[in-house]
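K.L.:
sequence first, predicted coordinates after that:
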2 protein chains.
Amino acid sequence: MIDELVKKIQEKNAPVVVGLDPMLSYIPESIVGRTIEEKGETLEAAAEAVWQFNKAIVDATYDLIPAVKPQIAMYEQFGVPGMAAFEKTVEYCKEKELVVIGDIKRGDIGSTSAAYAAGHIGVVKIGNHVLRGFKEDFVTVNPYLGTDGVKPFVDVCKAEKKGIFVLVKTSNPSSGEFQDRVVDNRPLYESVAEKVKEWGADCVGTCGYSSVGAVVGATYPEQGKVLRALMPRNYILVPGYGAQGGKGKDLVHFFNSDGLGAIVNSSRGIIAAYKQEQYAKFGEQNFALASRQAVLDMIKDLKF
Amino acid sequence: MIDELVKKIQEKNAPVVVGLDPMLSYIPESIVGRTIEEKGETLEAAAEAVWQFNKAIVDATYDLIPAVKPQIAMYEQFGVPGMAAFEKTVEYCKEKELVVIGDIKRGDIGSTSAAYAAGHIGVVKIGNHVLRGFKEDFVTVNPYLGTDGVKPFVDVCKAEKKGIFVLVKTSNPSSGEFQDRVVDNRPLYESVAEKVKEWGADCVGTCGYSSVGAVVGATYPEQGKVLRALMPRNYILVPGYGAQGGKGKDLVHFFNSDGLGAIVNSSRGIIAAYKQEQYAKFGEQNFALASRQAVLDMIKDLKF
């Protein structure tokens, strides 16, 4: 799957992921109003609005981008109907030949991580049938429980030709509270990075990169530089661009000299572009075209 | 909610949680066979089998126990139908007046953690309606992202009178890989414990304990003793008893001198009791009665 991701990044010439993290407040009133009219003020109406909003944005941007990253929390908040909207979004993006990175940040003890891995990037066996739950291509994984919490995901990556991105240094303001604590004269996130390198060592694709990647926030460019060097063959998923504060020129050191090695996510900056002054001219009605323009601008901003 | 949990623990005289983590392999063939006959070899059949299995165990044990802890991964692996079985299980347990601890181990950047908190222990607003997604009473939270990833859960705890248990020292073999790393002359999990104390300081109930608790594995009794002293007013959820290796007498130091302060989880040891030699006499047909006997034995084992 890492080979497919790299191929698509090269084809589109865009190391860009669109984060499909639809807060209800981002969705135009015309959509939410219509779904509420049809389904009442219910979880089903919210989930349907989320799906319609996603579909419009995917339709307007899929030819420009290699991948999307739906943030499952934004669906999970609407209970079972929300999870159905997540499933529908994943399936639709795959129909559009996008690589789907499920931003699920799961991680647990071994047997439980195995169940998460099966449900999101693997298979479950029921009777003699082999079935898939949520069908992403990659997922994000939380490493706090150590190797036996991550290994089941790696095993599924190998068996199913899928991928993961392990949280190393996250983009949020308090990420340093534990991740930056100094252990053996260096920050904890560097120890995590070394483990990522180790976990991914025997699943390197023909593109030269491993199916086991890392998450490093755009908001920490200095750390990105160090981590890039520590994990030369692990792809870096970079959240925090745009709305969270990261800028294109700050991100140059997340990439290797081959121009590969990183894929940058923008969520709010793309999907709620029409709410920004810069794209206000599109109007609420043309929110998806505003998103398309925001993608084009982001791709330009990332050409260093 | 912590007051309600403590009240129920005292009423039942049992600091015990039954972990509803149903692997398909734990469920008697008679149940799985029937649901497959009805629904084919589908995710729906697996989810229905999980639900029927849970219901039988809850019916056979609810009068003995204060709380249950469904592990969401075991449902999530079966996709949307699995999530519906999770929801049904949570709702049924609440009908039976059990406290429900959703073992979800979520944790993300602020706005995303807020969505998880809303979906599991809080509310979402759709139009003028206030609705609930998954309706647990407590959830488990992963602290790797620091305060701004945990705070949204704490805020919802306060607003909705719910609770959380933050991962401090997990029960799995490799939990030490990052959690035990020495920072400022002591293991990282102690720093996390201090944060748990801080996060929970202003939501202490009339029972004297905070709505913000901690997860500390039964498999690490020495660390449990230290952590008990570090967080005197934070309840400890103790996984890893039984099948994972923890024994009753090892757990004495997880409790305070008031006999409170800890609640011990057993999953496989209870729900798959009929598969153990000790309870084989019940037979597969009476699996729920075997679970009841295992609960009675566990309660006895925890009386020190």
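P.N.:
Arrived safely.
K.L.:
ok, now which ones touch residue A:181?
P.N.:
Neighbouring residues of residue A:181 by Cβ atoms under 8 Å, 6 or more residues apart in numbering or on different chains: A:187-188, B:181, B:183-184, B:188, B:191. Bear in mind the C-beta positions are built from the backbone N, C-alpha and C, glycine included.
K.L.:
just checking, which of these belong to strands?
P.N.:
With strands defined by DSSP state E, the entries of those inside them are A:187, B:183.
K.L.:
now, of the contacts of residue A:181, which are buried?
P.N.:
Buried residues within those, counting neighbours by 16 or more other Cβ atoms under 10 Å in any protein chain shown: A:187-188, B:181, B:183, B:188, B:191.
K.L.:
tell me the one among those nearest to residue B:60.
P.N.:
Minimum separation from residue B:60 among these (Cβ to Cβ) is found for residue B:188, which lies at 40.6 Å.
K.L.:
can you tell me how far the residue nearest to the closest one when sequence neighbours are not counted sits from residue B:102?
P.N.:
Of all residues beyond its chain neighbours, the one nearest residue B:188 is residue B:181 (5.1 Å), with distances taken as Cβ to Cβ, 6 or more residues apart in numbering or on different chains. Residue B:181 is 29 Å from residue B:102, where distance means Cβ to Cβ, to the nearest Å.
K.L.:
tell me where the stretch 101-250 of chain A has strands.
P.N.:
A:124-126, A:129-131, A:138-141, A:163-169, A:182-183, A:186-187, A:210-216, A:234-238 (DSSP state E, counting those that start in this stretch).
K.L.:
and the fourth one with chain B, contact?
P.N.:
Read it as strand A:163-169. Yes: applying Cβ under 8 Å from any Cβ of the partner chain, one finds strand A:163-169 touching chain B at residue A:167.
K.L.:
swap in the third one?
P.N.:
No: contact between strand A:138-141 and chain B is absent, the nearest approach being 9.2 Å (criterion: Cβ under 8 Å from any Cβ).
K.L.:
now do the helices in chain A.
P.N.:
Defined through DSSP state H, the helices belonging to chain A, from first to last, are A:2-12, A:29-39, A:43-61, A:73-76, A:79-95, A:110-120, A:147-160, A:176-179, A:188-199, A:221-230, A:268-271, A:287-301.
K.L.:
residues of the third one that come out buried?
P.N.:
Along helix A:43-61, these residues count as buried under the neighbour rule (16+ other Cβ under 10 Å): A:43-58, A:60-61.
K.L.:
for chain B, see how far away the residue lying closest to residue A:136 once chain neighbours are set aside is.
P.N.:
Residue nearest to residue A:136 in three dimensions, not counting chain neighbours: residue A:102, with 3.5 Å by Cβ to Cβ, 6+ apart. As judged by Cβ to the nearest Cβ, to the nearest Å, residue A:102 and chain B stand 11 Å apart.
K.L.:
which ones are touching residue A:102?
P.N.:
When the contact criterion is Cβ under 8 Å, 6+ apart, the partners of residue A:102 are A:69-70, A:72, A:90, A:120-121, A:134, A:136, A:138-140.
K.L.:
how about those residues in CSV, adding distance to residue B:83, pLDDT and neighbour count?
P.N.:
As requested, the contacts of residue A:102 are exported to CSV (distance: Cβ to Cβ, whole Å; pLDDT from 0 to 100; neighbours: other Cβ atoms under 10 Å in any protein chain shown):
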residue, distance to residue B:83, pLDDT, neighbour count
A:69, 20, 98, 25
A:70, 15, 98, 27
A:72, 11, 98, 30
A:90, 14, 98, 23
A:120, 12, 98, 29
A:121, 17, 98, 28
A:134, 10, 97, 26
A:136, 15, 98, 27
A:138, 21, 98, 29
A:139, 16, 98, 26
A:140, 19, 98, 27
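K.L.:
make a markdown table out of these and add distance to residue B:220.
P.N.:
Written out in a markdown table, the entries for the contacts of residue A:102 read as follows (distance: Cβ to Cβ, whole Å):
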| residue | distance to residue B:220 |
| --- | --- |
| A:69 | 35 |
| A:70 | 36 |
| A:72 | 31 |
| A:90 | 38 |
| A:120 | 29 |
| A:121 | 30 |
| A:134 | 33 |
| A:136 | 33 |
| A:138 | 33 |
| A:139 | 28 |
| A:140 | 27 |
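K.L.:
neighbours of the nearest residue to residue A:7 once chain neighbours are set aside, how many?
P.N.:
In space, and not counting its chain neighbours, residue A:7 is closest to residue A:207: 7.4 Å by Cβ to Cβ, 6+ apart. If you count neighbours by other Cβ atoms under 10 Å in any protein chain shown, residue A:207 ends up with 18.
K.L.:
kind regards, and thank you for your time.
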